[in-house]
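Participant: sharing a model that was predicted from the sequence below.
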Amino acid sequence: MTPNRLLPDLAAHAEATAHTLAPACGSCTAVTLADRPDATVVRHAGTVAKAHPPDSVPADLVPRLTAAARLPGLLLPPLTPAPADLHGRLVSYWPYGRPVDPADPDAAPWEEAAALLAGLHRTPAPAGLPAMRGPVKAARAVKRLRSATAAPRAAATAVLRAWDTVPAWARAEAPQPVPGALCHGDFHLGQLVRHPAPDGPWLLIDVDDLGTGVPAWDLGRPAAWYACGLLPPDEWSRFLAAYRAAGGTAVPAAGDPWPALEVPARALTVQTAARAVTKAQEEGRPLDEAEQCLVDACDRMVPVPPELAQGSPK
């Protein structure tokens, strides 16, 4: 079933759940928040219904939902403990939270995000939680680029060459280093909401990639943006300082953080560049300035030193 055929039934389920939880919800209109092949998300009043990726299975998703329910100060808790099945897609239900406003970058909650990640990384991983899926998603982005027949030759070559410099665990070709910490797996500012809306505390959302792994992965995307010149130094410094102040375990409490961040930052730079090059090819356009910065960063990559290959400082 394609996302477009799934959408009307998902909206109906969101409405039914919203009316069950709050019969006088005051709304009879469903709003589509996302409609992609890997996720369809619909809001009705204070209830959000999410159809998870087609390859999601209960054995992985249920422990992730359980973890979110047990960590309400860090993760937005689901409304129901187990997913439903809708046309072969697993569906979960959540309270609505107000997301970060992309039009107001000065208000980005970097300090709050850092504190949430630090708290997550300090929390013992629940038994039965699967591995964090960040490296799997990076590998899929590169695989998709390889299959793009008309990808810009020079850009694609730079990205694929950079991928070869990434250690096997970060390419999902080997197990992640152990012992693993509790990780979000796909952190960026779009994974934060205020709940209760509009001014409640910030919480992390999206448990599809939650699991055990290298905690530096969750800092890897901001680190990559900073290294590529896409995140201002002040914002990066605020984020890193807040993470350390909150007792985060992904980097040393003082000193150079890059021995821990090198591998995740490079893997996520390649992932983001691979997506950018593939998207530009599909849209028949040249790379924009930000996309070219990512490709240029890939072009500068050299093999990671062996002492850094495990993703943690030695």
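Facilitator: Yep, that arrived. Please read all numbers here as calculations on a predicted model, not as lab measurements.

Participant: all strands for the stretch 101-250 of the chain, in order.
Facilitator: 181-183, 192-194, 202-204, 211-213 (DSSP state E, counting those that start in this stretch).

Participant: so can I have a markdown table of these showing distance to residue 130?
Facilitator: In short, each C-beta sits where N, CA and C put it, glycine included. Formatted as a markdown table, the strands of the stretch 101-250 of the chain follow (distance: least, CB to CB, whole Å):
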| stretch | distance to residue 130 |
| --- | --- |
| strand 181-183 | 11 |
| strand 192-194 | 23 |
| strand 202-204 | 17 |
| strand 211-213 | 5 |
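
Participant: closest to residue 260 out of those strands?
Facilitator: Evaluated over the strands of the stretch 101-250 of the chain, closeness to residue 260 peaks at strand 181-183, with 11.9 Å, by CB to CB.

Participant: that closest one packs against which elements?
Facilitator: For strand 181-183, the packing partners by 3 or more CB pairs under 8 Å, 6 or more residues apart in numbering; DSSP states H and E come out as helix 110-122, strand 211-213.

Participant: low-confidence regions, the chain specifically.
Facilitator: Scanning the chain with the threshold set as pLDDT under 70 gives 1-4, 19, 21-28, 149-152, 311-314.

Participant: tell me, what residue is most central in it?
Facilitator: The chain has residue 186 as the residue nearest its centroid, 1.9 Å off, counting by CA atoms, centre = their mean.

Participant: wait, isn't it in contact with residue 209?
Facilitator: Yes. Using CB atoms under 8 Å, residue 186 is in contact with residue 209, at 4.3 Å.

Participant: for residue 91, give me its contacts.
Facilitator: With contacts defined as CB atoms under 8 Å, 6 or more residues apart in numbering, residue 91 is in contact with 10, 13, 49, 50, 51, 52, 83, 84, 85.

Participant: now, these that are in strands?
Facilitator: Mapping the contacts of residue 91 onto strands (DSSP state E) picks out 49, 50, 51, 84, 85.

Participant: would you map out the domains in this structure?
Facilitator: The chain resolves into domains spanning 3-95, 105-308 when parsed by automatic domain parsing.

Participant: quick one: distance of the longest one to the chain centre.
Facilitator: So the one you mean is domain 105-308. Centroid separation for domain 105-308 versus its chain: 8 Å, with CA atoms, centre = their mean, to the nearest Å.

Participant: and the end-to-end length of it?
Facilitator: 33 Å (CA to CA, to the nearest Å).

Participant: ok, back up a step: going by distance to residue 41, which of the contacts of residue 91 wins?
Facilitator: The closest of these to residue 41 turns out to be residue 50 (CB to CB; 4.8 Å).

Participant: any idea how far that closest one is from residue 6?
Facilitator: For residue 50, the distance to residue 6 (CB to CB, to the nearest Å) stands at 11 Å.

Participant: then residue 186?
Facilitator: Taking CB to CB, one finds residue 186 at 22 Å from residue 6.
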